[in-house]
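>>> Below are the sequence and a predicted model for it; my questions follow.
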Number of protein chains: 4
Amino acid sequence: MINTKFSECISACTNCSLICTECATSCLKEKDLEMMRECIQRCLECADICQLCVRMQQHNSPFLKEICELCAKICEYCAEECEKHSHDHCKKCAEACRQCAEECRKIAM
Amino acid sequence: MINTKFSECISACTNCSLICTECATSCLKEKDLEMMRECIQRCLECADICQLCVRMQQHNSPFLKEICELCAKICEYCAEECEKHSHDHCKKCAEACRQCAEECRKIAM
Amino acid sequence: MINTKFSECISACTNCSLICTECATSCLKEKDLEMMRECIQRCLECADICQLCVRMQQHNSPFLKEICELCAKICEYCAEECEKHSHDHCKKCAEACRQCAEECRKIAM
Amino acid sequence: MINTKFSECISACTNCSLICTECATSCLKEKDLEMMRECIQRCLECADICQLCVRMQQHNSPFLKEICELCAKICEYCAEECEKHSHDHCKKCAEACRQCAEECRKIAM
């Protein structure tokens, strides 16, 4: 549990990045690996963009809206794939991605 | 507030990484910039190693002890500098670094 | 010297990321630190986005155009600041940023 | 082709990070995905540590020897797995890992 107060969006992106990495790692151990290719790929990408989005928020970047817009799209793209799978880590990941996308859109708009 | 349950060490490293980035950015805006050179440098480095340490924990790396040992050292090194300064962000950062070092040492041992 | 053949854009982004980190570190050691605040800030941000842009190209992301568009903007923003300074590392950095922006724009269009 | 002159070790780590990411992505598209689990996992980890190792070299970290020592170990660990596979990207990756480990060891000693 992270016990410092950051903005809603920084928290959501941090959470999403952690959970996407978790999901990618768990997918790599699944029996039905063949089905998880796309999920692994998207989770890795989503983890990276969320991490960058956190940094840019912390730097107060003048490009914050653009990065949040892009981060939201990639989170939704990741969620779409995760929602196809019944693994717990995928469901949890889809949820984190949707929440992150929502927070990012608030800033992007 | 990150609302998912991760290990104590992953949480501490994530927290420390965020707070170090925050501290570096805040230092860059301080009046007495001259005094903050070393603090900025160490915070940037500490933010990076903590982020890596999180990933390696999530990957269940066989090198976990080594990375946690190194992360602890760098956190302590960062804390030593932050403790010299009276800015709020520095004090908060020193605390996060000490806490992170403690959690990392538990795994390293 | 990196001796493997990657795409022009991956090479330019990798190069730019390295040189921006170099510039930020060198700025932190300059006598006229006060003048370098903005340069350090922009270089750190540019180094991060370029690194992400490389990863997304390597992952063949469906959001490649968007990330390259954003990376180009941030590179130009960084170059604008670096061009104000006469330090060698700033001049070199401005050049790397301009080159990277150009390669990113080719993909973004 | 990166056309700026960095140290041998920074170049080797940068190269290794890029090639490991490339290998992980290519592995994810291979027919015999089942066999590639371990390779993907190790390549992702190796790409991350190499990237951090570059940053710490650029920051002139006082922990340079430690990070290079750890980076060398992880590169060798990655190479051991890549060498088991006959895919071109795996062979190329093993080579980059061995070269990177060698450069890192020079600094670690």
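Happy to help now that I have it.
>>> Report the buried residues of stretch A:40-60.
A:40-59 (16 or more other Cβ atoms under 10 Å in any protein chain shown). Placement of C-beta: from N, CA and C, glycine included.
>>> Equivalent analysis for stretch A:17-30, please.
Within stretch A:17-30, the residues scored as buried using 16+ other Cβ under 10 Å are A:17-28, A:30.
>>> Flag every residue of chain A that's near chain B.
Proximity of chain A to chain B, by Cβ under 8 Å from any Cβ of the partner chain, involves residues A:1-6, A:10-11, A:14-15, A:18-19, A:21-22, A:25, A:51, A:54-55, A:58-60, A:92, A:96.
>>> Which residue lies nearest the spatial centre of chain A?
residue A:16 (3.8 Å; Cα atoms, centre = their mean).
>>> residues contacting that one?
A:46-47, A:50, A:75, A:96-97, A:99-100 (Cβ atoms under 8 Å, 6 or more residues apart in numbering or on different chains).
>>> near chain D, anything from the strand or helix carrying residue A:77?
According to DSSP states H and E, residue A:77 maps onto helix A:64-82. No - figure legend: helix A:64-82 not in contact with chain D (Cβ under 8 Å from any Cβ); closest approach 13.3 Å.
>>> Is the residue in chain A sticking out farthest from the centre part of a helix or strand, or is it coil?
In terms of distance from the mean C-alpha position of chain A, residue A:31 ranks first, at 23.6 Å (Cα atoms, centre = their mean). Three-state assignment for residue A:31 (DSSP: H, G, I helix; E, B strand; the rest coil): coil.
>>> Quickly find the element holding residue A:40.
helix A:33-58.
>>> Which elements pack onto that helix?
If contacts are counted by 3 or more Cβ pairs under 8 Å, 6 or more residues apart in numbering or on different chains; DSSP states H and E, helix A:33-58 sits against helix A:8-27, helix A:64-82, helix A:88-108, helix B:8-27, helix C:33-58, helix D:33-58.
>>> For residue C:109, find the nearest of these.
Nearest to residue C:109 among the helices and strands packed on helix A:33-58 is helix C:33-58 (15.2 Å), distances taken as Cβ to Cβ.
>>> for that closest one, what is the average pLDDT?
Averaged across helix C:33-58, the pLDDT comes to 97.
>>> Report the closest residue of chain A relative to chain C.
Closest residue of chain A to chain C, Cβ to the nearest Cβ: residue A:52 (4.8 Å).
>>> need the contact list for that residue.
Residue A:52 sits next to A:67, A:71, C:48-49, C:52 when contact means Cβ under 8 Å, 6+ apart.
>>> cool, residue A:37 as well?
Counting by Cβ under 8 Å, 6+ apart, residue A:37 makes contact with D:28-29, D:33.
>>> Same check on residue A:48?
Residue A:48 makes contact with A:17, C:52, C:55-56 under the criterion Cβ under 8 Å, 6+ apart.
>>> List just the nearest of these to chain D.
Checking these against chain D by Cβ to the nearest Cβ gives residue C:55 as the nearest, at 6.3 Å.
>>> give the contact list for the closest one.
By Cβ under 8 Å, 6+ apart, the contact list for residue C:55 reads A:45, A:48, D:21.
>>> where does chain A have low pLDDT?
A:1-4 (pLDDT under 70).
>>> interface residues of it facing chain C?
Going by Cβ under 8 Å from any Cβ, the residues of chain A near chain C are A:41, A:44-45, A:48-49, A:52, A:55-56, A:59, A:61-63, A:66-67, A:70, A:73-74, A:77.
>>> Check the gap between residue A:22 and residue C:106 for me.
Distance, residue A:22 to residue C:106, by Cβ to Cβ, to the nearest Å: 36 Å.
>>> Export stretch A:48-62 to PDB, keeping only CA atoms.
Provided in PDB are the C-alpha atoms of stretch A:48-62 (Å, rounded to 0.1, in the frame of the first residue of the first chain):
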ATOM      1  CA  ASP A  48       5.800   1.400 -19.900                       C
ATOM      2  CA  ILE A  49       3.500   4.300 -21.000                       C
ATOM      3  CA  CYS A  50       1.900   4.500 -17.500                       C
ATOM      4  CA  GLN A  51       5.300   4.800 -16.000                       C
ATOM      5  CA  LEU A  52       6.300   7.600 -18.400                       C
ATOM      6  CA  CYS A  53       2.900   9.300 -17.800                       C
ATOM      7  CA  VAL A  54       3.700   9.400 -14.000                       C
ATOM      8  CA  ARG A  55       7.100  11.000 -14.600                       C
ATOM      9  CA  MET A  56       5.700  13.600 -17.000                       C
ATOM     10  CA  GLN A  57       3.000  14.500 -14.400                       C
ATOM     11  CA  GLN A  58       5.600  14.800 -11.800                       C
ATOM     12  CA  HIS A  59       7.700  17.000 -14.000                       C
ATOM     13  CA  ASN A  60       4.700  19.200 -14.700                       C
ATOM     14  CA  SER A  61       5.300  18.700 -18.400                       C
ATOM     15  CA  PRO A  62       3.700  21.200 -20.900                       C
END
